[in-house]
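K.L.:
Following is a predicted model, sequence given first.
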Amino acid sequence: MTTIAVDCMGGDHGPSVTLAACRNFLDRRADAQLLLVGLPDRLASFSHPRAKIIAASEVVGMDDPLEVALRRKKDSSMRLAINQVKHGTAQAAVSAGNTAALMAISRYVLKTMDGIDRPAIAAQIPNSKGSGTTVLDMGANVDCTAEHLLQFAVMGSALVSVLSGNDNPSVGLLNIGEEAIKGNEVIKKAGELLRSASNAQDLNFYGNVEGNDIFKGTVDIVVCDGFVGNVALKASEGVASMIVEFLKLEFSRSIFTKAAAICAYPVISALKNKMDHRRYNGGALLGLRGLVFKSHGSADALAFEYALGRAYDAARNNLLERVQARIAHAAPLLSGPQHSQPTLQPEPATAKQNS
């Protein structure tokens with residue numbers, strides 16, 4: 001059995017979404033079981049032979065500062081879910097809660113792998129090929145060194161190889177142009193490190209890519225800092241929603257366009273499904289000594305179920321061991337700044353973190 005710990009209280013909607021997703025997930029996978037972590041009175045109505053409720057007395061709010069989430073709320077549903085991974089009772093944890101808090105607690109409880117300075121969030125953005133381009137980092141690290149970007153590429157390659165079955169996924173470095181001479185000094189140095197890693201067969205480096213290559217599916221993986229990655233993610237969600245709403249509006253204007261809509265419905269439906277970000281929900285927190293997946297805070301039941309599915313696939317296919325193996329192989333190149341674990345006195349975050 002593959003066991004997943006679920007922070008049922010996280011996100012904008014809490015148990016009203018997470019419990020529905022958990023039931024659908026269990027109904028579709030006979031070899032999975034869930035540890036549902038949350039306030040007992042909010043989870044009491046849920047019953048399933050392959051689900052167990054773990055009581056928590058606290059909840060990390062979407063706008064809680066890091067100091068509160070990490071230092072004061074030690075019995076939160078988020079922390080207890082991650083503890084299940086640490087203690088070996090679950091193979092992965094999933095939460096839709098505060099992103100900054102989830103990363104800080106995960107890093108503090110599970111620690112980072114040897115050779116990794118900073119964990120990164122890896123998620124998919126739909127592309128024109130009908131699949132998804134894996135992008136990292138998606139918001140965990142706003143400022144990155146060239147060595148960090150190399151580490152992201154190595155970890156992302158392991159993730160994609162596990163989830164897609166492609167043992168040699170292509171990696172692109174996000175830049176303002178394809179030429180190696182473009183970009184700031186960090187990007188230029190990262191390009192050199194990635195080319196060296198490719199020559200050593202640690203990864204398959206395609207070269208520099210631009211923003212539109214994410215949506216073209218030019219490469220399997222795009223590496224960038226968390227500031228750029230998060231902006232790209234939010235922009236792609238906005239464009240997808242705009243296109244779907246535009247089609248609805250245009251096909252409702254007259255009887256002729258309504259008739260055209262009926263004829264074009266299969267094509268429109270396929271386009272809507274291809275661009276539906278719910279199908280790509282669930283970002284992996286890579287670089288930790290345990291599997292943790294982040295769902296969108298605004299996820300509905302379908303989106304959260306997809307996040308559970310990604311955690312399930314990663315655990316079942318030994319993602320943790322695959323990442324460790326790739327890092328060990330690339331160890332001579334992963335010589336960035338000395339990494340350290342977070343303390344119990346992190347800088348407080350006042351902005352709302354829900355993605």
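P.N.:
On my side now, so go ahead. Keep in mind it's a predicted model, so treat the numbers as computed, not measured. Residues are numbered from 1 along each chain as shown.
K.L.:
For the rest of this, base every contact and every neighbour count on C-alpha atoms.
P.N.:
OK.
K.L.:
Could you pull up the residues touching the residue nearest the centre of the chain?
P.N.:
Centroid-nearest residue in the chain, with CA atoms, centre = their mean: G283, separated by 0.9 Å. Shown in contact with G283 (CA atoms under 8 Å, 6 or more residues apart in numbering): 121-124, 293-295, 307.
K.L.:
With L194 instead?
P.N.:
Applying CA under 8 Å, 6+ apart, we find L194 in contact with 150, 203, 205.
K.L.:
Narrow the residues you listed to those in strands?
P.N.:
Taking DSSP state E as the definition of strands, the contacts of L194 contribute F205.
K.L.:
need the contacts of G283 in a markdown table with neighbour count, can you?
P.N.:
Below are the contacts of G283 laid out as a markdown table (neighbours: other CA atoms under 10 Å):
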| residue | neighbour count |
| --- | --- |
| I121 | 27 |
| A122 | 29 |
| A123 | 26 |
| Q124 | 24 |
| F293 | 27 |
| K294 | 27 |
| S295 | 30 |
| A307 | 29 |
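K.L.:
need those in CSV with pLDDT, can you?
P.N.:
Below are the contacts of G283 laid out as CSV (pLDDT from 0 to 100):
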residue, pLDDT
I121, 94
A122, 95
A123, 90
Q124, 90
F293, 97
K294, 96
S295, 95
A307, 97
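K.L.:
Relative to G211, which of those residues is nearest.
P.N.:
Closest approach between those and G211, by CA to CA: Q124, at 14.0 Å.
K.L.:
Remind me which helix or strand the closest one belongs to.
P.N.:
Here Q124 sits within strand 120-126, counting by DSSP states H and E.
K.L.:
Report how many residues lie close to the closest residue to G139 other than its chain neighbours.
P.N.:
Nearest residue to G139, sequence neighbours excluded (CA to CA, 6 or more residues apart in numbering): G226, at 3.8 Å. When counting by other CA atoms under 10 Å, one arrives at 22 neighbours for G226.
K.L.:
can you pull the buried residues of the strand or helix carrying A325?
P.N.:
Following DSSP H and E, one finds A325 within helix 319-329. Within helix 319-329, the residues scored as buried using 16 or more other CA atoms under 10 Å are 319-320, 322-324, 326-327.
K.L.:
Contacts for it next, please.
P.N.:
For helix 319-329, contacts defined as CA under 8 Å, 6+ apart pick out 113, 115, 151, 154-155, 158-159, 162, 202, 287, 289-291, 314, 334.
K.L.:
In helices, which of these appear?
P.N.:
Residues from these lying in helices, with DSSP state H as the criterion: 151, 154-155, 158-159, 162, 314.
K.L.:
Now G115. Nearest residue, chain neighbours left out?
P.N.:
Nearest one to G115, counting by CA to CA, 6+ apart, is L334 at 6.2 Å.
K.L.:
can you give me the helices in the stretch 51-200 of the chain?
P.N.:
Taking DSSP state H, counting those that start in this stretch, the helices of the stretch 51-200 of the chain run over residues 66-67, 77-86, 99-110, 146-164, 185-199.
K.L.:
N24 is nearest to which of the ones you listed?
P.N.:
In terms of CA to CA, the element of these nearest to N24 is helix 77-86, at 19.8 Å.
K.L.:
Send me the closest one as PDB with only the CA atoms.
P.N.:
This file holds the C-alpha atoms of helix 77-86, laid out as PDB (Å, rounded to 0.1, in the frame of the first residue of the first chain):
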ATOM      1  CA  SER A  77      -2.300  19.800  10.700                       C
ATOM      2  CA  MET A  78       0.400  20.900   8.300                       C
ATOM      3  CA  ARG A  79       3.200  20.000  10.700                       C
ATOM      4  CA  LEU A  80       1.700  16.700  11.800                       C
ATOM      5  CA  ALA A  81       1.200  15.600   8.100                       C
ATOM      6  CA  ILE A  82       4.900  16.300   7.500                       C
ATOM      7  CA  ASN A  83       5.800  14.400  10.700                       C
ATOM      8  CA  GLN A  84       4.100  11.300   9.200                       C
ATOM      9  CA  VAL A  85       6.700  11.400   6.400                       C
ATOM     10  CA  LYS A  86       9.600  11.900   8.900                       C
END
